[in-house]
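In: here is a sequence with its predicted model. Questions after.
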2 protein chains.
Amino acid sequence: MIKIALAQINPTVGDLKGNAQKIAESIKKAKKNGSNFIVFPELALTGYPPEDLLLKNYFIKENIKILNKIKKETAGITVIVGFVDKSKLKTYNSCAIIQDKKIIDTYHKIYLPNHGIFDEKRYFSPGKTLPVYEYNNKKFTVTICEDLWIKRHQFSLKDKNLDFIINISASPFSIKKIKQRKKVISSIAKAARSFIFYCNLVGGQDEIVFDGRSLIYSPKGKLLKQAKKFSTDIIYFNFKKPGQKPIQIQSNKIENIYSALSLGIKDYMRKNKFQKAILGLSGGLDSAVTLAIVAKSIGSNKVNALIMPSFYSSKESLTDAIKICENLKINYYTVTINNIFDCFNRDLKPYFKNLPTDSTEENLQARIRGNILMAFSNKFGHLVITTGNKSEISCGYCTLYGDMAGGFGILKDVYKTSVYQLARFINKKNKKSIIPKSIINKAPSAELKPNQKDIDNLPKYSLLDKILHLYVENDIDFQGIVKLGFDRKVVKKIIEMVDSSEYKRRQSPIGIKISEKAFGKDRRMPITNNFTN
Amino acid sequence: MIKIALAQINPTVGDLKGNAQKIAESIKKAKKNGSNFIVFPELALTGYPPEDLLLKNYFIKENIKILNKIKKETAGITVIVGFVDKSKLKTYNSCAIIQDKKIIDTYHKIYLPNHGIFDEKRYFSPGKTLPVYEYNNKKFTVTICEDLWIKRHQFSLKDKNLDFIINISASPFSIKKIKQRKKVISSIAKAARSFIFYCNLVGGQDEIVFDGRSLIYSPKGKLLKQAKKFSTDIIYFNFKKPGQKPIQIQSNKIENIYSALSLGIKDYMRKNKFQKAILGLSGGLDSAVTLAIVAKSIGSNKVNALIMPSFYSSKESLTDAIKICENLKINYYTVTINNIFDCFNRDLKPYFKNLPTDSTEENLQARIRGNILMAFSNKFGHLVITTGNKSEISCGYCTLYGDMAGGFGILKDVYKTSVYQLARFINKKNKKSIIPKSIINKAPSAELKPNQKDIDNLPKYSLLDKILHLYVENDIDFQGIVKLGFDRKVVKKIIEMVDSSEYKRRQSPIGIKISEKAFGKDRRMPITNNFTN
């Protein structure tokens, strides 16, 4: 009789002792529940991805030392747990199979992802052999994340007559990933006529969020169980009573995005030991949605808002900003930037003389706001949250050291059109207009000069976002996009804006990846780049 | 008769047409000089590294189209040139062997570096075969950069009875690299009893600088010729008259660093089309050395200095700042930050009430200076150069959006102790005290509060830099460093400072790599990281 537990834990990168404790606690819990077999996610012991910690020998040594302590907890249970193994010269992304206080085998990941956000070939050597284990008359194998996605490996699993396949993963959330995962796992289960136990990591780590959602598939390729999404969980499966009926789970795109952003900020703050957050609230949509997400995720009493109006702020923006604070019960401060702006202008005048007002003065306002936010952050230790969306950041329609100043961006990978959807989702979820309709309905504006509208500088967002998606995420060139029916001049302008603002993005704070290609480790463009297309 | 030319060119990443033109011009020049064989560096056609441009199919197609145009230039000459090749599903770091307008073969790089700043496994598939070519009764092979550094490959070169080995490289400068390269190449030449023609790229590309210094080694492992360092060049070798005598070239560490920084900033400005630069001049050592390097590299008339004194600036700082501007004939502006600082303090007072003055106010001063610099940059289109050194940036002894504001850092990878050496080198090179002795001799200070000295917050630099080098560059842990005889408390404090300022470095501008491990692509640490050692 095998009773398997999949322990979907939320480790912290580098916190070997804390992670080991989480592993030990899950083992205890599973034993109590009658399990004799427990599976943990990929690199559960180190957290994922440990990045260049893996180049520090002493880090790897410490992880092996602590793995050996975990052995003590394994009386009467088989434990499958991800850790970093090392031979003389090679480092492996590995998985220990521990039984009754002994490591009976170590599997080394064969296929190392080195695309998108992944850099595994920087650190790891590939394993060579696909093991087959036997336990209580059941044949099974172990795979690590990418292994299962590679056609050749899928093929070799087919003829092994396996009762079950274990996959331990650290699979980051992105919009399309949920469906892809289920499709891949279901088809392998069917082809190998084998159960699949897929145990995924959960939690936020810098730019990425692991969504959990561990899965159990039947040999017929049917989904039998799914663990919670965006939350720790343990799910169980009993081979003696496998009579589970297939289940169907629908997944909602905007709800998933919301949950990813929510877990991302929650974990960033918790794991980096921030007690409170602060952000600049303009009365526009982006900061309103950001504030709502942060407040609902970490608690309204842990967020402060700074409203920093200027000559160019409309009365509506101010009332809207206050309204959302009231709706969310947020503590806010109002600091007018006019005096400081005047002071800068007066002191710069001798040098700028009679040159016309231009983006210099617009950026200056944004930077004064950035300074005030950072002053509050320095004085009170709050994390500054940035509010820029992906459409703006793509086009460089944002100010370095101004609205880009902060430690963590919530909407960095969310296009403006999706920000609107998020706003509506939040209001619907909370059954009231947390984000005032007036904010959703008014024309977007940076309010950095009189009567300014985003539309003066950018195409309308419904058009812009489509073109950005084709260029940034799908890597389609100018001609290709034009062929799809878009205006040549518009496409050219957008591509030029994206290409020429690489230097800004390089200095932007990290933010949560939700798309198939986010800015950050996911998209590595040179700043010096004279390619035009 | 073979007369080889090594064309050490300086391409720009992405500028396929411009690079092709450089290649065509070198071919013409070599032909004029009687050469029938010319070698270009690795990825000469695309520039190195093209990073995620390589994920754009149309970029690779365009590079192949342009390679085919280069063919026309090759009547009567053999051309070895780096480009990106593509089969159906695979992309290769390649080298075309073109003869008399025909591509006679394409070699695919076998060993792909994926360490340090290199991400080649993200893009390329490895080649499989080591080719042997024959030309005018000489047997030779072609290798690309890393190929030559791999033991197994060196071994297979040994028994091929080759007359010569070509290596096309894009080998970035770092302090120890010069010696390593010569050692490796000399020993292979000797082992294979073969000439080696090593053609390296030259030029700056974002964080890295290629130092050129192409090499010709005899089958006895002796250096016969070396191309210019940090400059374009063509060198020739005639097999009919191989009677060159071995040469000895000494390399000076500080001179190399100076040249790397100089070429780095020159190329960043030229390739990104900046006409002028601007920087903040405090009267301290770092900004003085930075200004001297920039002025000497791009011309004094292309740099402006901003002197931005406050209540806490000493009189000496102001006179020293002005003195160095006079020494270098630099146009400077003096903008006092006191008014603006007062204005911020007045407007923030209601919120900060009676809380004590702390780093908030220090950072505010730095950020006001950052804003003024950025305002000048926005108004006049100048590139803002940052002046922070590696010791500061390692410890986070710098202000985000303050002194860290700018587009390009000259001293980002230079420890303070080396900044002193650079200052002395610059004065010696120019045979006068460009950098006033008073600047070199005074105790370093950020001058952000009364009587502040760096030594109040940091260990003395001679000690700090040693520990930083062990921790950052050599990845030695706390215990290991203490064992070398350093004080436990000091080591602990430094390690904590380095670890906790990762978020700052992530938002810092790029700067020139000169060490074996620079901040940036070279060292990829997680921000969220609870590992302690």
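Out: Perfect, I can see it now.

In: what about chain A, any weak spots by pLDDT?
Out: Filtered on pLDDT under 70, chain A yields the residue ranges A:242.

In: can you give me the domain boundaries for it?
Out: A:3-246, A:257-511 (automatic domain parsing).

In: and the first one, how far out from the chain middle?
Out: This points to domain A:3-246. Relative to the chain's own centre, domain A:3-246 is displaced by 20 Å; criterion: CA atoms, centre = their mean, to the nearest Å.

In: also the last one?
Out: The chain centroid and the centroid of domain A:257-511 are separated by 19 Å under CA atoms, centre = their mean.

In: follow-up on the earlier one: so for B:Leu464, which of the domains of chain A sits nearest?
Out: Among those, the nearest to B:Leu464 by CB to CB is domain A:3-246 (20.2 Å). Quick note: C-beta positions are derived from backbone N, CA and C, even for glycine.

In: got the contact list for the residue nearest to A:Ser500 when sequence neighbours are not counted?
Out: Sequence neighbours aside, A:Gly396 is the residue nearest to A:Ser500 in space, at 6.7 Å (criterion: CB to CB, 6 or more residues apart in numbering or on different chains). Counting by CB atoms under 8 Å, 6 or more residues apart in numbering or on different chains, A:Gly396 touches A:497-498, A:500-501, A:504-505.

In: again, but for A:Ile185
Out: So A:Ile185 contacts A:148, A:167, A:196, A:198, A:215, A:217 (CB under 8 Å, 6+ apart).

In: now the fifth one: closest residue in space that isn't a chain neighbour?
Out: Which is A:Leu215. Excluding its sequence neighbours, the residue lying closest to A:Leu215 (CB to CB, 6+ apart) is A:Tyr198, at 4.3 Å.

In: the one you found - that's part of a helix, no?
Out: No - going by DSSP: H, G, I helix; E, B strand; the rest coil, the assignment for A:Tyr198 is strand, not a helix.

In: quick check: bridge partners of it?
Out: A:Asn167, A:Leu215 (DSSP bridges).

In: repeat for A:Gly82
Out: Assigned bridge partners for A:Gly82, using DSSP bridges, are A:Cys95.

In: likewise for A:Tyr107?
Out: A:Cys95.

In: thinking it is in contact with A:Ile98, fair?
Out: No - with contact defined as CB atoms under 8 Å, A:Tyr107 does not reach A:Ile98; the gap is 11.9 Å.

In: now distance to A:Ile439 and neighbour count too, for the contacts of A:Ile185, in CSV please.
Out: Below are the contacts of A:Ile185 laid out as CSV (distance: CB to CB, whole Å; neighbours: other CB atoms under 10 Å in any protein chain shown):
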residue, distance to A:Ile439, neighbour count
A:Leu148, 44, 23
A:Asn167, 44, 28
A:Ile196, 46, 27
A:Tyr198, 41, 29
A:Leu215, 39, 24
A:Tyr217, 44, 26
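
In: closest to B:Gly116 among the residues you listed?
Out: Of all those, B:Gly116 sits closest to A:Leu148, with 30.4 Å by CB to CB.

In: is the closest one in a helix, a strand, or coil?
Out: Of the three states, A:Leu148 takes helix under three-state DSSP.

In: what's the spacing between it and A:Ile216?
Out: For A:Leu148, the distance to A:Ile216 equals 14 Å [CB to CB, to the nearest Å].

In: strands of the stretch 301-450 of chain A, start to end?
Out: Remark: strands assigned in the stretch 301-450 of chain A by DSSP state E, counting those that start in this stretch are A:303-307, A:331-334, A:383-386, A:408-409.

In: tell me which of the domains of chain A lies nearest to B:Ser391.
Out: Per CB to CB, nearest to B:Ser391 of the domains of chain A: domain A:3-246, 19.9 Å.

In: does A:Ala5 sit in a helix, a strand or a coil?
Out: Once three-state DSSP is applied, A:Ala5 turns out strand.

In: and it, how many neighbours?
Out: For A:Ala5, the count of nearby residues is 26 (other CB atoms under 10 Å in any protein chain shown).

In: hmm, A:Ile235 and it touching each other?
Out: Yes - when contacts are counted by CB under 8 Å, A:Ala5 is listed as touching A:Ile235 (7.3 Å).

In: strands of the stretch 1-150 of chain A, start to end?
Out: Ranges of strands in the stretch 1-150 of chain A, per DSSP E, counting those that start in this stretch, are A:3-8, A:37-39, A:78-86, A:91-99, A:102-108, A:133-135, A:138-144.

In: show me which positions of stretch A:106-123 end up buried.
Out: A:106-114, A:116-123 (16 or more other CB atoms under 10 Å in any protein chain shown).

In: stretch A:219-226 now?
Out: Across stretch A:219-226, burial judged by 16+ other CB under 10 Å covers A:219, A:221-226.

In: out of those, which touch chain B?
Out: Among the buried residues of stretch A:219-226, no residue lies close to chain B (CB under 8 Å from any CB of the partner chain).

In: need the contact list for A:Leu148.
Out: A:154, A:165, A:167, A:169, A:184-185, A:188, A:198.

In: ignore the last one, A:Lys86
Out: By CB under 8 Å, 6+ apart, the contact set of A:Lys86 is A:60-61, A:64, A:92.

In: could the contacts of A:Ile185 go into a markdown table alongside distance to A:Gly264?
Out: As requested, these are exported to a markdown table (distance: CB to CB, whole Å):
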| residue | distance to A:Gly264 |
| --- | --- |
| A:Leu148 | 25 |
| A:Asn167 | 24 |
| A:Ile196 | 28 |
| A:Tyr198 | 22 |
| A:Leu215 | 22 |
| A:Tyr217 | 28 |
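
In: which of these sits closest to B:Asn533?
Out: A:Asn167 (31.8 Å).

In: next up, the contacts around the closest one.
Out: A:Asn167 is in contact with A:142-145, A:147-148, A:185, A:196-199, counting by CB under 8 Å, 6+ apart.

In: from those residues, which two are the most distant?
Out: Pairwise distances across the contacts of A:Asn167 peak at 14.9 Å for A:Val142 and A:Ile185 (criterion: CB to CB).
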